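Trainee: Give the three-dimensional model of this entry:
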Amino acid sequence: MTADKYDILKQYFGYTSFREGQEQAVDALLAGQDVLGIMPTGAGKSLCYQIPTLLLDGITLVISPLISLMKDQVNALVQQGVSAAYLNRSLTEAQYHKALANAANGQYKIIYVAPERLESASFLRFALHADISLVAVDEAHCVSQWGQDFRPSYLNINKFIARLHDRPIIGAFTATATDEVKSDIVRLLNLHHPAVVTTGFDRPNLFFSVMKPKNKSETLLKLIRERSNQSGVVYCSTRKKVEEVCELLNRSGVQATRYHAGLDDAERAGNQDDFVYDRKSVMVATNAFGMGIDKSDVRFVIHYNMPKNIESYYQEAGRAGRDGEEADCILLYSKADVSTCRYFIENTEDNESLSPEQREFFKKREEERLKQMVLYCTTGTCLRGYMLKYFGDAHKKSCGKCSNCLTEFETVDVTVEAQKILSCIIRTGQNYGAKMVTDVLRGVPSERIQRARLDRQSTFGIMKDVRAFEIQYIIEKLEEQEYIQSVGAGKPVLRVTELSYPVLRGNADVKIRKARQQKSKTVDREIKAVNSELFEALKVVRLYYAKKKGVPAFVIFSDAALTDMCRVMPTTDQQFLSVSGVGRNKLEQYGEAFMRVIREYDKKA
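Mentor: Got it, this is the predicted structure:
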């Protein structure tokens, strides 16, 4: 009997049904149609091309810039009984030629390859004689100069495909893409009338939170101690901050390692392996880390600094909870982060392929994206809803699962305070930032204020009884409601907008939402409440096999699979096969060992 997509889904991957969008993409590729898939991290994009691979006659090439993803996915496929290999710079020359010879002999069904490798004469000789039925382009947004991760090597993909004797089916996949980026992907990869599969951006298992701590270091330590023995990533905006935070965590007894572009390749690879193989629980990194990391059991992502746009934040935060289990995404916001982001925008190395007009447009667009990121950090509305609206997705008014939705707000009339702030900005010449304006309003007799004679302004000291953070909060809200705007890079200054003049004349009121109190976060972690002892026992067995096979623990079974074992309590082969993520190959390799633990637990219970 010929296998179909459902047989493959269960036999190799252990699932009985497809997630949203997967089946549509699989069906299109099997019908010979190109596909453009925009699906969030954790939505299962890889299955969209892995299942057709096992049903089509030829081999599949997966083009990816991510060495770590190639390694992890090949490990996982081999564990599932699929012949797979990767070809990238992590291999020695001897290993590369050996793998290429094996590929030429038809030993692999799916081959992962870096885009730079497409230009290699030896690889091209192989490809010209191979039966390539499908080319899957991962992280397809990298082909667009408007994407946040443009890579020039992606522009060679279409040239490579054009040199093949028979054009294969092409599937292009990415987690985020604006309309402009989508158009670039279709055009630059020369997709033929592609089926466009776009799933919602919502990740219901993720809890989103924005905090504005007075002391980030103390807050970070508290958050990580509350999540001891869990895997997590801490993102910092600069290499220097990565070093400082990693040292802080290690000094405080946290098993942390680091990752940034200033480290040599060997150390980066070693540190990444320490994290992926659970030798270190926390990775402190710049945005150079994480794209394509297939570690499914990351339980938290904390941003020590704010990213420069929502696309980057969504992608980085989305590395939490890829297994579908509950995970936290926490952003520690400060005004200083905004200045750092502006500095990066102003000092980004220009793309030589862009005209001066395009470069100016690019910077203005980056400023607008930064503004939307700041508004995310300062809004009093639902954080999940804010992001979904940004990406054009439908959303509820309240998700009940973010820090804002768990906070009780009250609406406060701050018209008088707003008039004082707006007046101060104008009377000081619209030449100063939020801190200076705050100091003038509070009557701080600093040397800088006296030197600029701002202590002689009529607005000097008119809010001396108001705390600094309260004034700055109102300034944030005035900016959010577009009464004022920050202008300039590095140390931006505040300027009023046309909306402010009716307020100053007394013809308009200003109201803001202020937090009253925050409800305690309640998350339904079923496995923590039930069978936690069994869950830990199963983790021990998983770790034993992971070390024996030399693969990360999640490659053996994800946390979600262990959770399902605790729910199903399988003691027979058929029951074990009903566990989510268990296919025939994994049953044969590990079923008896895991069921033995379950039987022993069941006797004691």
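
Trainee: For this structure, name the helix or strand with the lowest mean pLDDT.
Mentor: Here the helix or strand of the chain ranked lowest by mean pLDDT, DSSP states H and E is helix 526-529, holding a mean of 44.

Trainee: Can I get the very next helix or strand once past it as CSV, trimmed to CA atoms?
Mentor: Per DSSP states H and E, the first helix or strand lying C-terminal to helix 526-529 is helix 532-549. Output of helix 532-549 as CSV, limited to C-alpha atoms (Å, rounded to 0.1, in the frame of the first residue of the first chain):
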residue,chain,number,x,y,z
SER,A,532,5.7,16.3,38.2
GLU,A,533,7.6,13.4,39.7
LEU,A,534,7.0,11.3,36.7
PHE,A,535,8.0,14.2,34.4
GLU,A,536,11.3,14.5,36.1
ALA,A,537,11.9,10.8,36.0
LEU,A,538,11.2,10.8,32.2
LYS,A,539,13.7,13.7,31.8
VAL,A,540,16.4,11.5,33.4
VAL,A,541,15.8,8.7,30.8
ARG,A,542,15.7,11.3,28.0
LEU,A,543,19.1,12.8,29.2
TYR,A,544,20.6,9.3,29.3
TYR,A,545,19.7,8.6,25.6
ALA,A,546,20.7,12.1,24.6
LYS,A,547,24.2,11.7,26.0
LYS,A,548,24.4,8.2,24.5
LYS,A,549,23.5,9.4,21.0
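
Trainee: Give the buried residues for helix 532-549.
Mentor: Neighbour counts over helix 532-549 (16 or more other C-beta atoms under 10 Å) mark 534-535, 537-539, 541-542, 545-546 as buried. For glycine as for every other residue, the C-beta is placed from the backbone atoms N, C-alpha and C.

Trainee: So what touches the helix or strand that that helix is followed by?
Mentor: Next along the chain after helix 532-549, taking DSSP H and E as the criterion, comes helix 553-556. Identification of contacts with helix 553-556 by C-beta atoms under 8 Å, 6 or more residues apart in numbering yields 72, 75-76, 79, 277-278, 294-297, 323, 539, 542-543, 545-546, 549, 586, 590.

Trainee: okay, now N309: neighbour count?
Mentor: Burial of N309, expressed as a neighbour count using other C-beta atoms under 10 Å, amounts to 22.

Trainee: For it, give its distance to S403.
Mentor: Distance of N309 to S403, given as C-beta to C-beta, to the nearest Å: 20 Å.

Trainee: same check, this time on L577
Mentor: Look at L577 and S403: by C-beta to C-beta, they are 40 Å apart.

Trainee: Now render the buried residues of helix 532-549 as JSON lines, adding distance to G42 and pLDDT.
Mentor: Listed next are the buried residues of helix 532-549 as JSON lines, based on distance: C-beta to C-beta, whole Å; pLDDT from 0 to 100:
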{"residue": "L534", "distance to G42": "25", "pLDDT": "90"}
{"residue": "F535", "distance to G42": "21", "pLDDT": "89"}
{"residue": "A537", "distance to G42": "27", "pLDDT": "91"}
{"residue": "L538", "distance to G42": "22", "pLDDT": "93"}
{"residue": "K539", "distance to G42": "21", "pLDDT": "90"}
{"residue": "V541", "distance to G42": "25", "pLDDT": "94"}
{"residue": "R542", "distance to G42": "20", "pLDDT": "93"}
{"residue": "Y545", "distance to G42": "24", "pLDDT": "93"}
{"residue": "A546", "distance to G42": "21", "pLDDT": "90"}
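
Trainee: Nearest to I161 among those?
Mentor: Among the buried residues of helix 532-549, A546 lies closest to I161 (C-beta to C-beta), at 37.2 Å.

Trainee: Low-confidence regions, the stretch 351-500 of the chain specifically.
Mentor: 351-354, 489-490 (pLDDT under 70).

Trainee: which stretches of it form strands?
Mentor: According to DSSP state E, counting those that start in this stretch, the stretch 351-500 of the chain carries its strands in the segments 407-413, 484-487, 493-496.

Trainee: Mean neighbour count and distance to V440 added to those strands, as JSON lines?
Mentor: Formatted as JSON lines, these follow (neighbours: other C-beta atoms under 10 Å; distance: least, C-beta to C-beta, whole Å):
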{"stretch": "strand 407-413", "mean neighbour count": "12", "distance to V440": "23"}
{"stretch": "strand 484-487", "mean neighbour count": "18", "distance to V440": "15"}
{"stretch": "strand 493-496", "mean neighbour count": "19", "distance to V440": "11"}
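
Trainee: Domain map for the protein?
Mentor: Following automatic domain parsing, the chain resolves into domains at 5-198, 206-406, 409-518, 526-604.

Trainee: Quick one: name whatever helix or strand follows whichever strand or helix holds N102.
Mentor: Using DSSP H and E, N102 sits in helix 93-104. Going down the chain from helix 93-104, the next helix or strand is strand 110-113, by DSSP H and E.

Trainee: Run the chain-centre distance for that next one.
Mentor: A distance of 24 Å separates the centroid of the chain from that of strand 110-113, by C-alpha atoms, centre = their mean, to the nearest Å.

Trainee: What is the helix or strand following it packed up against?
Mentor: Sequence order places helix 121-129 as the next helix or strand after strand 110-113, per DSSP H and E. Counting contacts by 3 or more C-beta pairs under 8 Å, 6 or more residues apart in numbering; DSSP states H and E, helix 121-129 packs against helix 93-104, helix 157-163.

Trainee: Quick one: distance of helix 121-129 to the chain centre.
Mentor: Offset of helix 121-129 from its chain centre (C-alpha atoms, centre = their mean): 35 Å.

Trainee: swap in stretch 544-552?
Mentor: That offset, for stretch 544-552, works out to 27 Å (C-alpha atoms, centre = their mean).

Trainee: One more: stretch 182-198?
Mentor: 23 Å.

Trainee: Any idea how far apart the tips of that stretch sit?
Mentor: Separation of the first and last residues of stretch 182-198 by C-alpha to C-alpha, to the nearest Å is 11 Å.

Trainee: Next, the buried residues of it.
Mentor: 182, 184-186, 188-189, 191, 194-198.

Trainee: Good, wrapping up.
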